Every structure is written in structure tokens, then in C-alpha cells.
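[1] sequence first, predicted model second:
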Amino acid sequence: MKTLQVLLIGAYHRASRPASMEYYLRMLERELLARSYRVEVLSPKARLGFLPTSSKLVSKLMAACDKLLIFPMELRRAVWRLRKSGPVVVHIIDPGYAMYTRHLQNVPNLVTVHDLMTLQAVRGEFPERQETRGTGVYQEMILSGLRKAGLLVAVSQMTRDTLVRLSGIPQSSIRVIYNAPHHPYAPMPQEAAAECMEREFSARGSSSLSFFLHVGINTWYKNREGVIRIFAACLAREPTLPHLLVMIGPPLPPELLELAGQLGIAERLIGMSGLSHDSLKAAYSIAEALIFPSWHEGFGWPIIEAQSCGCPVFTTNRPPMTEVGGDGVAVFDPSDPDSAAAVVLDGLRDREALRERGFANASRFKVSTMMEQYLEAYSSLAGQAEGS
């Protein structure tokens, strides 16, 4: 029997695509190659979308042409070429590209659904997030594509339940395959971690290694404002607390820097961008705790990254944070910074027990387990195609 080939469909080639999806794509590619599968990666390229224009509308239309008109032809050619060499399964790794399933109706395919937050916003489920009519049209195309998929994979039970509710697809047609860390996160020896973070701190004019940590981008649902308010509330409760707040991700926008100034914590706030995986591992390994007050997530990678490195995690009291964190996290209401601060400070009095529970929970999320489940899904889809 010829070796099964896997065609991974990545995200649109533009600087704005999420780094997490690129890491996820490369992890799948790396792990499949390590298991001797034939793998090819294909992504929509920014051809018209790279042309200079002063109009955002024109730019969006040209990007839409790249994704909706040009790429489907490339996809069909790639599938035709690969099928000459043997069976092929197409894996769309981002639900934002589920519309391509309409071009794969005779080809085994699956879509991994990480979250549906944009569609939820279009449906009015998030009053704080408004979307345009054009976004709504695009999201309905995505939803139609999800309904045409050969198989759907959700990265959490919460994501699966949301997908069932919004699409009407039966729960039995959706598999849950939990994410795994896309980097081998584990505790770094304290001396090495301290040395690494000392370099990061000294580059930013600070020398303290006592800090609380947040990892995330500036998008609304990450609730970076909440991180700042919770940290300020911690200081209000314990004015002698020596810790800084380190926020790893894109530079903080002016309004959050202004908020930090208003709350009197500007001098204690350190932003870090562009860190390597090893530097992030060092941060997780010596941080006092990860404060992760997201309003919503599809999964929440930083939770298991931190737990894998022995960093206590304090997070939102709703799924999927509770689902992913298990009993290895302490939870709070993100809409109440003062009570959240109380949870953080109280939890740190039993920090070692929280670390140990975190280690135990993180062990559930292994790359080997994730890949076994995907390989079984690929084989099942290929077998169904051969039998039809």
C-alpha cells in the first residue's frame, strides 16, 4: 500500500496571520515527517493583496481574490498532483479557511476548529465586539464550509459545543483532539532561567526577577486591561508586594499604558516582545504566577505552557480555561479585579501545591497523544474514501 500523503493548508501569507497558527502548522509538519509520512504545506499567497493601495476596502477585495479565486485553483492542482502518487488527506488547520472544503468534496479532508469567536461576534454574542457586514458574509461562508467538511476536529469540548450550537452539526460528527504545546516546555534550571531573564530585564532598564506574568496579544478577548487592573488590586491589598508585572506579547497600546499610569503601576509594568521559546520558558520557570484573565478562548495554550514549566496559573472561572487547566489552576471572575486579586494572593500562600497540580494536569496534553488521534482520523478518512 502506498504511503498516505497529508496536505496541510496553512493561513494566508500576510504579516498579520497569528503566530500560534504558524507554530501549530509547523508542529504538525514536523511530527508527521518524524513518523515518515509524506507531507506538503500549501497556503494562500498574497499576490494581489501585496499590491500597494491607499484604500482598505480595495486591499481587502484584493486579498479576497487571492483567497477565494486564485488559491482554490492552486489547491485543486496540488490535490490532482498528489493523488497520482497515492492516497491523500487534506487537513485545513484553521477554521477561517473552511470554505475550501467545497473544492474537496471527493477528497478526504478535515478541519481543525480552534475557536468561532468572530462568528459569535457576528451573531451578537459579544456586545463588546462589533463586526462589519462584510465580516458576517465571510463568516457564513466559513460556516457553510464547516458543514461540508469530511471531518471536524475541535480543540476543546467548549469549542465543540459552540460549533454544534452555531452550525447544527451533530456532536457525534465532531472529534475533540486537545492541543499540545508546540514547543517542549519544561522547567528550566533556576540559575539558567534567572540568567536568561536578567538579560531581558537589563535590556529594559530593570533588574528585578520577582514578577507576575501574562502572555497574550492585544485582541479584546485576551483582556490585557484586566491583567493590569488585577495587578493593581494586588498592590492595593499588599502595598509591600515587591513584584513587577511582565506582559509578554505585542507592545502595549497607548490606552493600556495610560491606564497603568492612572493606577500608579507604570513603573512596575514591563512589556516584552519578540521573545524566543527559550526566553518564554525561562519566564514561565521563575515567574511567581501566570495571570490569565481571558474573557474567551478556544483553548488557551499559555495555561499548559506555564503549568509544564512549574508556573502557578490563575485564570478565568469559565471554559475552556477551566477545562484545559483542570484542578491545576485557581480561578476567579475576570470582571471583578479586586476579588481576582484576593484569589491570586490567597493562592500563592499554597504555591507549591498549585505547582504540583499544574504539573499533573499539563501531563494530559502530550504531542504524542495529539498525533495518535490525528493519524487515526487521517487513516479513517482515507479508508472511507477507498471503500466508497
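    Alright, I've got the coordinates.
[2] every contact and neighbour count from this point should use C-alpha atoms.
    OK.
[3] secondary structure element for residue 315?
    Here residue 315 sits within strand 313-316, counting by DSSP states H and E.
[4] what's the first helix or strand after that strand?
    helix 321-325.
[5] list the strands paired with the next helix or strand after that next one, with their directions.
    Following helix 321-325 in sequence order, the next helix or strand is strand 329-332 (DSSP H and E). Using DSSP bridges, the strands paired with strand 329-332 are strand 313-316 (parallel).
[6] return the distance of the strand it pairs with from the chain's centre.
    Strand 313-316 has its C-alpha centroid displaced from the chain centroid by 16 Å (CA atoms, centre = their mean, to the nearest Å).
[7] that older thread, contacts for the strand holding residue 315, please.
    Here strand 313-316 makes contact (CA atoms under 8 Å, 6 or more residues apart in numbering) with 289-295, 303, 306-307, 321-322, 328-334, 343-344, 354, 358.
[8] neighbours of residue 330, how many?
    By the criterion of other CA atoms under 10 Å, residue 330 has 23 neighbours.
[9] excluding sequence neighbours, find me the nearest residue to it.
    Excluding the flanking residues, the one nearest residue 330 by CA to CA, 6 or more residues apart in numbering is residue 314, at 4.8 Å.
[10] count the residues that sit near the one you found.
    By the other CA under 10 Å criterion, the neighbourhood of residue 314 contains 26 residues.
[11] for residue 125, same thing?
    13.
[12] equivalent analysis for the one 3 residues further on, please.
    Taking other CA under 10 Å as the criterion, the count of residues near residue 128 is 9.
[13] circling back to that earlier point, which residues pair with the residue nearest to residue 330 across the strands?
    Assigned bridge partners for residue 314, using DSSP bridges, are residue 291, residue 330.
[14] okay, it: pLDDT?
    Per-residue confidence (pLDDT) for residue 314: 98.
[15] which is the succeeding secondary structure element to the worst-scoring helix or strand of the chain on mean pLDDT?
    Using mean pLDDT, DSSP states H and E, the weakest-scoring helix or strand in the chain turns out to be helix 56-65, at a mean of 79. Reading on from helix 56-65 to the C-terminus, the next helix or strand found by DSSP H and E is helix 71-83.
[16] how far does that next one sit from the chain's center?
    28 Å.
[17] so what does that helix touch, helix or strand wise?
    Contact analysis of helix 71-83 by 3 or more CA pairs under 8 Å, 6 or more residues apart in numbering; DSSP states H and E lists no helix or strand as a packing neighbour.
[18] and the next element down the chain from that helix?
    In N-to-C order, the element after helix 71-83 by DSSP H and E is strand 88-92.
[19] outside of that following strand, which residues touch it?
    In contact with strand 88-92 (CA under 8 Å, 6+ apart) are residues 4-10, 79, 82, 98, 107-112, 378, 381-382.
[20] how about that strand as CSV, C-alpha atoms only?
    Only the C-alpha atoms of strand 88-92 are listed here, as CSV (Å, rounded to 0.1, in the frame of the first residue of the first chain):
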residue,chain,number,x,y,z
VAL,A,88,-4.0,12.0,0.2
VAL,A,89,-5.8,13.6,3.1
VAL,A,90,-6.2,17.4,3.2
HIS,A,91,-6.0,19.0,6.6
ILE,A,92,-7.2,22.6,6.9
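[21] re the thing from before, out of the contacts of strand 88-92, which sit inside strands?
    Residues from the contacts of strand 88-92 lying in strands, with DSSP state E as the criterion: 5-9, 109-112.
[22] what stretches of the protein score poorly on pLDDT?
    1-2, 13-18, 49-54, 133, 207, 385, 387-388 (pLDDT under 70).
[23] quick check: domain ranges of it?
    Domains of the chain are assigned by automatic domain parsing as 5-180+367-387, 190-362.
[24] deepest-packed of these, please.
    Mean neighbour count (mean count of other CA atoms under 10 Å) peaks for domain 190-362 among the domains of the chain, with a mean of 19.
[25] can you give me the end-to-end distance of that domain?
    Start-to-end span of domain 190-362 (CA to CA, to the nearest Å) is 20 Å.
[26] and residue 384, what element?
    Applying DSSP H and E as the criterion places residue 384 in helix 367-387.
[27] for residue 344, helix, strand, or coil?
    In three-state terms, and counting by DSSP: H, G, I helix; E, B strand; the rest coil, residue 344 is helix.
[28] return the distance of the residue nearest to it when sequence neighbours are not counted relative to residue 350.
    In space, and not counting its chain neighbours, residue 344 is closest to residue 314: 6.5 Å by CA to CA, 6+ apart. Applying CA to CA, the value for residue 314 to residue 350 is 13 Å.
[29] ditto for residue 150
    Separation of residue 150 from residue 350 (CA to CA) stands at 47 Å.
[30] and if you look at residue 305?
    Noted for residue 305: a distance of 20 Å to residue 350, by CA to CA.
[31] again, but for residue 91
    With the distance defined as CA to CA, residue 91 ends up 43 Å from residue 350.
[32] now do residue 335
    Distance, residue 335 to residue 350, using CA to CA: 24 Å.
[33] likewise residue 78?
    Distance of residue 78 to residue 350, given as CA to CA: 55 Å.
[34] then residue 183?
    Distance of residue 183 to residue 350, given as CA to CA: 28 Å.
[35] now swap in residue 157 and tell me
    To residue 350, residue 157 is 30 Å away according to CA to CA.
[36] same thing with residue 340?
    According to CA to CA, residue 340 stands 16 Å off from residue 350.
[37] likewise for residue 379?
    Distance, residue 379 to residue 350, by CA to CA: 46 Å.
[38] do residue 154 as well
    Using CA to CA, one obtains 34 Å as the distance from residue 154 to residue 350.
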